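**Q** mind folding the following:
(one chain, ligands or ions: 1)
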Amino acid sequence: MGSDYKIPYKIYLEESEMPTHWYNVRADMENKPAPLLNPGTLQPMTAQELGGVFCDELVKQELDDDTRLIEIPAEIRDFYRMYRPAPLVRAYCLEKALGTPAKIYYKFEGNNTSGSHKLNSAIAQAYYAKKQGLKGVTTETGAGQWGTALSMACAYLDLDCKVYMVKVSYEQKPFRREVMRTYGAEVTPSPSDTTEVGRKILAEHPGTTGSLGCAISEAVEVAVTNEGYRYVLGSVLNQVLLHQSIIGVETKLAMDKYDIRPDIIIGCAGGGSNLGGLISPFMGEKLRGEADYRIIAVEPASCPSFTRGVFAYDFCDTGMICPLAKMYTLGSGFIPSPNHAGGLRFHGMSAILSQLYHDGYMEARAVEQTEVFRAAEQFARVEGVLPAPESSHAIKAAIDEALKCKETGEEKTILFGLTGTGYFDMVAYEQFHNGTMTDYIPTDEDLQVGFDGIPKFPGNLQ
Ligand SMILES: *Cc1c(COP(=O)(O)O)cnc(C)c1O
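**A** Numbers count the residues shown, from 1 in each chain. Now for the predicted structure:
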């Protein structure tokens, strides 16, 4: 093995070393993320208003910009022990294949049945719903990982779980659907005729393959019209980034054990939860002026919220019933081209990451899906893990950075988040292998249609 073998292939923490607190990066931000606004009054959403949609404890976390460390309840820590700590892997085999002097590490979050990091927040959200005495929760799912994670968490805690699944995924991924049903969830393809907003969207866009924005509208409607139900969301929200900080806190502990300091930290960005979680303790150091890191968000060129979106208040859902969030957005009416198979299809981005990006604390780049799958395959062949298409955006950027090091001879340390496995994404892999996968990059005119739907009011896009 390489000369560097004092660092093992996999760095695990002992159970006794597992984090006891989530880290709230907002506490160290000088410019806090902008508050959610009530779309009717354009005033910040109060805890009471949010309480109609979300569980009380989660509302508290959503609004808490100041508490740096929040204790992880013992019950959630017990659940985490079933599949955590997640390994931090030194990608020796990939380094060798690339012939790079760079040192590459990835934090692997795919070691659980849901196959992604989403379980970290699903169990927290289900736990607080249960603690409040609720009957169940509703949600949307796109590729299916979030719905699966939530189903697992709800099954564990004996909560009812209703999932609205984006229609194109529902049809492309029947096995995902059956995993959710195995864990007791009720799964409905969206848009559906089971909700008012779904019927409206179907009337306006017959034959639509759906979008996360539509599915969110449906799930929220069901939550607010059914006694004892609340809505939960798998990404974007401040509370989700808080729960996902477990990824970064574990990573930092593992790296500190071996005196490893990353130069570059890379994550794929859909709604921003895994990236926000992975970078949080590193970003904290950067915000406090204690260390500097290059942080790169990687998104699909077909859904380029950071790189081509606008920073404005916008709806999180197509039905325009959710609060307004200030974020990088393509407009809530934006629906990625149906040939986009690589996930990360949400039109907006976490308000926390949007603010950090706006303030210059991180960079973003967009990559095309065929090059993402090429990177995925290269990675799978040498590192063994079959990566999710979403995660493969980060792999692509990590490989590119490692190849730059090969040119310059720099021995940089690169850390990326490997968010999950791709066993349910074989239709997309099949398209790639058959050469039928295409790249579609929206034109400025395409994007303008989405931007036109962003609400205009004084101070917002005016
Ligand atoms: C959901 C998901 C993502 C993207 O969501 P973020 O909130 O941006 O992290 C990335 N990878 C996998 C495997 C996912 O399931």
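**Q** number of nearby residues for the closest residue to residue 456 other than its chain neighbours?
**A** Residue nearest to residue 456 in three dimensions, not counting chain neighbours: residue 462, with 5.7 Å by Cβ to Cβ, 6 or more residues apart in numbering. For glycine as for every other residue, the C-beta is placed from the backbone atoms N, C-alpha and C. Residue 462: 7 surrounding residues under other Cβ atoms under 10 Å.
**Q** ditto for residue 280
**A** Using other Cβ under 10 Å, residue 280 has 26 neighbouring residues.
**Q** can you pull out the strands in the stretch 251-400 of the chain?
**A** For the stretch 251-400 of the chain, applying DSSP state E, counting those that start in this stretch gives strands covering 264-268, 294-300, 310-315, 324-329, 363-367.
**Q** quick one: those strands as TSV, columns for mean pLDDT and mean neighbour count too.
**A** Compiled in TSV, the strands of the stretch 251-400 of the chain are given as follows (pLDDT from 0 to 100; neighbours: other Cβ atoms under 10 Å):
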stretch	mean pLDDT	mean neighbour count
strand 264-268	98	28
strand 294-300	98	25
strand 310-315	96	22
strand 324-329	97	26
strand 363-367	98	19
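**Q** between those strands, which one is nearest to residue 66?
**A** Residue 66 lies closest to strand 324-329 among those, at 18.8 Å (Cβ to Cβ).
**Q** does the residue nearest to residue 456 touch residue 454 like I think?
**A** No. At 10.7 Å, residue 462 does not count as touching residue 454 under the criterion of Cβ atoms under 8 Å.
**Q** mind listing what residue 367 touches?
**A** Residues in contact with residue 367 (Cβ atoms under 8 Å, 6 or more residues apart in numbering) are 298-301, 393, 396-397.
**Q** could you report the distance from it to the ligand?
**A** Going from residue 367 to the ligand by Cβ to the nearest ligand atom, to the nearest Å gives 14 Å.
**Q** likewise residue 19?
**A** 19 Å.
**Q** and if you look at residue 290?
**A** Counting by Cβ to the nearest ligand atom, the separation of residue 290 from the ligand is 25 Å.
**Q** could you do residue 25 as well?
**A** Per Cβ to the nearest ligand atom, residue 25 is found 15 Å from the ligand.
**Q** that residue: what's its closest spatial neighbour, skipping adjacent residues?
**A** Using Cβ to Cβ, 6+ apart, the closest residue to residue 25 is residue 280 (4.5 Å).
**Q** one more: residue 236?
**A** Counting by Cβ to Cβ, 6+ apart, residue 236 lies nearest to residue 271, which is 3.8 Å off, once chain neighbours are set aside.
**Q** could you do residue 405 as well?
**A** residue 102 (3.9 Å).
**Q** contacts only, for the one you found.
**A** 95, 401-402, 405-406, 410-414.
**Q** let's go with 7 Å and repeat that
**A** For residue 102, the contact set (Cβ atoms under 7 Å, 6 or more residues apart in numbering) comprises 95, 401-402, 405, 411-412, 414.
**Q** number of nearby residues for residue 89?
**A** Count around residue 89 with other Cβ under 10 Å applied: 21.
**Q** show me what secondary structure element comes after the one helix or strand it maps to.
**A** Using DSSP states H and E, the element containing residue 89 is strand 88-90. Downstream of strand 88-90, the first helix or strand assigned by DSSP H and E is helix 92-98.
**Q** buried ones in that following helix?
**A** 92-95, 97-98 (16 or more other Cβ atoms under 10 Å).
**Q** return the alpha-carbon coordinates of it using CSV.
**A** Output of helix 92-98 as CSV, limited to C-alpha atoms (Å, rounded to 0.1, in the frame of the first residue of the first chain):
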residue,chain,number,x,y,z
TYR,A,92,-6.4,5.1,-1.7
CYS,A,93,-7.6,3.1,-4.7
LEU,A,94,-9.0,6.1,-6.4
GLU,A,95,-5.9,8.1,-5.8
LYS,A,96,-3.8,5.4,-7.3
ALA,A,97,-6.1,5.0,-10.4
LEU,A,98,-5.9,8.8,-10.9
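**Q** what packs against that helix?
**A** Counting contacts by 3 or more Cβ pairs under 7 Å, 6 or more residues apart in numbering; DSSP states H and E, helix 92-98 packs against strand 103-108, helix 369-383, helix 389-408.
**Q** near the ligand, which residues of the stretch 301-450 of the chain?
**A** Residues of the stretch 301-450 of the chain lying close to the ligand by Cβ under 6 Å from any ligand atom are 344, 388, 390-391, 419-420.
**Q** ok so, going back, export the helices and strands packed on helix 92-98 to JSON lines and append columns for mean pLDDT, mean neighbour count and distance to residue 213.
**A** What follows is the helices and strands packed on helix 92-98, written out as JSON lines (pLDDT from 0 to 100; neighbours: other Cβ atoms under 10 Å; distance: least, Cβ to Cβ, whole Å):
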{"stretch": "strand 103-108", "mean pLDDT": "98", "mean neighbour count": "24", "distance to residue 213": "29"}
{"stretch": "helix 369-383", "mean pLDDT": "98", "mean neighbour count": "20", "distance to residue 213": "20"}
{"stretch": "helix 389-408", "mean pLDDT": "98", "mean neighbour count": "23", "distance to residue 213": "18"}
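**Q** out of these, which comes closest to residue 50?
**A** Closest among the helices and strands packed on helix 92-98, using Cβ to Cβ: helix 389-408, at 28.0 Å.
**Q** who's in contact with stretch 325-335?
**A** 34, 36, 211, 213, 303, 305-306, 309-318, 320, 347-351, 354, 357, 447, 449-451, 453-454.
**Q** redo that, cut-off 8 Å
**A** Residues external to stretch 325-335 that are found in contact with it (Cβ under 8 Å, 6+ apart): 33-34, 36-37, 208, 211, 213, 236, 303-306, 308-318, 320, 347-351, 354-355, 357-358, 447, 449-454.
**Q** tell me the contacts of the residue nearest the centre of the chain?
**A** Nearest to the geometric centre of the chain sits residue 273, at 3.8 Å (Cα atoms, centre = their mean). If a contact means Cβ under 8 Å, 6+ apart, then residue 273 has 117-118, 121, 234-236, 240-241, 244, 350 as its contacts.
**Q** what about it, distance to residue 349?
**A** 10 Å (Cβ to Cβ, to the nearest Å).
**Q** what's the distance between residue 433 and the ligand?
**A** For residue 433, the distance to the ligand equals 20 Å [Cβ to the nearest ligand atom].
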